[in-house]
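Q: from the sequence below, what's the structure:
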Amino acid sequence: MHSGQGIAPDFMAKMRPMNLLAFDTSTDAMSIAVQRGLSAAPGAGGAGAAAQVWQHTGAGGAQASATLIPAIQQLMQQAHLRFDELDAIAFGQGPGSFTGLRTACSVAQGLAFGAVVPVLPVDTLLAVAEEARLNASMAARDVVTGRFRVLAVLDARMDEVYAAYYEFNSGLWKQQNGYSLITPQNLALDDGWAMAGNAFAAYGDRMPGSNAIRIHALPTASAMLRLAPALLVAGHAVPADQALPIYIRDKVAKTTQERLLEKAAA
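A: As a prediction, this is how the structure comes out:
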């Protein structure tokens, strides 16, 4: 998502419910969700019922390559949906785990090719921000406007975090200043901003804003479902062969020599 662009998760209420599949494997947790919106599943009240969501969580990262597709198939069966009945297939495009991003992108492409449906790449840090917004206490919000400002951070390993600043105001998300790959102590946080993500256990005492509200949040598939309708209307869906992950780190591992030098320096 480009800086300054508005994304409205509440747009769902203004549109017909969609059939959507969303999944993310950018962290150590795998998250999958299927939404059935065009008609209800058998025994759920008949056509016209509110959208239903089926969810699954499991081990992410490299482990997801063996379990993602079977878990997706199981959820689709529970929702009584075929892949060609989906409005889109959404995946967490990054930033995040190099292997996890490649897994999610390749699975989204393969399923979309076979079903002839569009692919929707979703910013993982935006999904973190949206998950935090849903779970934030009122203390994290402007009580007058409902504005919510959050620095989303994901552990990037190698003593760094992926970070981006987001503001939710008047039903819209806006990203500020793009993405960063940065050491935790070099993050900046102004007053009135919350922090959200999965990096607090590893780097909490090195992060700014010791008095700021901190919300543990991951890029869940359910957050992606809430974001998806507005992203689709905004034209973010792409054909399967054009779906790409977002990598903001060129180097994904340290050499043996670099590790030995760091050990010697320590």
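
Q: pLDDT at G192, what is it?
A: Looking at G192, its pLDDT is 89.

Q: that one: what secondary structure?
A: Secondary structure, DSSP: H, G, I helix; E, B strand; the rest coil: G192 is coil.

Q: that one against R149, yeah?
A: Yes. Counting by C-beta atoms under 8 Å, G192 touches R149, with 6.2 Å between them. Backbone N, C-alpha and C define where each C-beta goes, glycine included.

Q: more neighbours, the two?
A: R149 (20 against 11; other C-beta atoms under 10 Å).

Q: any idea of the pLDDT on the more buried one?
A: 95.

Q: so who does it touch?
A: For R149, the contacting residues are 165-168, 192-194, by C-beta atoms under 8 Å, 6 or more residues apart in numbering.

Q: again, 7 Å this time
A: 167, 192-194 (C-beta atoms under 7 Å, 6 or more residues apart in numbering).

Q: quick check: of these, which lies closest to L181?
A: Using C-beta to C-beta, W193 is the member of the contacts of R149 that lies nearest L181, at 19.4 Å.

Q: my guess is the closest one contacts L151. True?
A: Yes. Contact criterion C-beta atoms under 7 Å: W193 and L151 qualify, at 5.7 Å.

Q: neighbour count for those two, which is higher?
A: Comparing W193 with L151 by neighbour count (other C-beta under 10 Å), the higher total belongs to L151, at 29 against 19.

Q: work out for me the element that one sits within.
A: Element membership for L151, per DSSP states H and E: strand 148-157.

Q: tell me where the stretch 51-200 of the chain has helices.
A: When assigned using DSSP state H, counting those that start in this stretch, the helices of the stretch 51-200 of the chain occupy the ranges 64-78, 98-115, 124-135, 200-203.

Q: could you dump these into a markdown table with distance to A234, mean pLDDT and mean neighbour count added?
A: Shown next, in a markdown table, are the helices of the stretch 51-200 of the chain (distance: least, C-beta to C-beta, whole Å; pLDDT from 0 to 100; neighbours: other C-beta atoms under 10 Å):
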| stretch | distance to A234 | mean pLDDT | mean neighbour count |
| --- | --- | --- | --- |
| helix 64-78 | 25 | 95 | 16 |
| helix 98-115 | 18 | 96 | 20 |
| helix 124-135 | 12 | 96 | 26 |
| helix 200-203 | 31 | 94 | 14 |
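
Q: can I get these in JSON lines including distance to A29?
A: Formatted as JSON lines, the helices of the stretch 51-200 of the chain follow (distance: least, C-beta to C-beta, whole Å):
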{"stretch": "helix 64-78", "distance to A29": "9"}
{"stretch": "helix 98-115", "distance to A29": "10"}
{"stretch": "helix 124-135", "distance to A29": "12"}
{"stretch": "helix 200-203", "distance to A29": "14"}
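
Q: nearest to D84, of those?
A: Among these, the nearest to D84 by C-beta to C-beta is helix 98-115 (4.4 Å).

Q: tell me the angle the closest one makes with helix 64-78.
A: Here helix 98-115 points in a direction 40 degrees away from that of helix 64-78 (axes from the mean of the first three to the mean of the last three C-alpha atoms, to 10 degrees).

Q: how many residues are close by the closest residue to G100 other than its chain neighbours?
A: Excluding the flanking residues, the one nearest G100 by C-beta to C-beta, 6 or more residues apart in numbering is T25, at 4.0 Å. Residues contacting T25 under the criterion other C-beta under 10 Å number 33.

Q: from A221, how far out is T25?
A: 10 Å (C-beta to C-beta, to the nearest Å).

Q: same question, A199
A: From A199 to A221 the distance is 20 Å (C-beta to C-beta).

Q: neighbour-wise, which of the two wins?
A: The residue with more neighbours, out of A199 and A221, is A221; 29 against 24, by other C-beta under 10 Å.

Q: return the set of buried residues in whatever helix or strand A223 lives in.
A: Assessed by DSSP H and E, A223 sits inside helix 221-233. Of the residues in helix 221-233, 221-232 count as buried by neighbour count, 16 or more other C-beta atoms under 10 Å.

Q: can you give me the strands in the stretch 151-266 of the chain?
A: 160-169, 172-182, 194-197, 214-216 (DSSP state E, counting those that start in this stretch).
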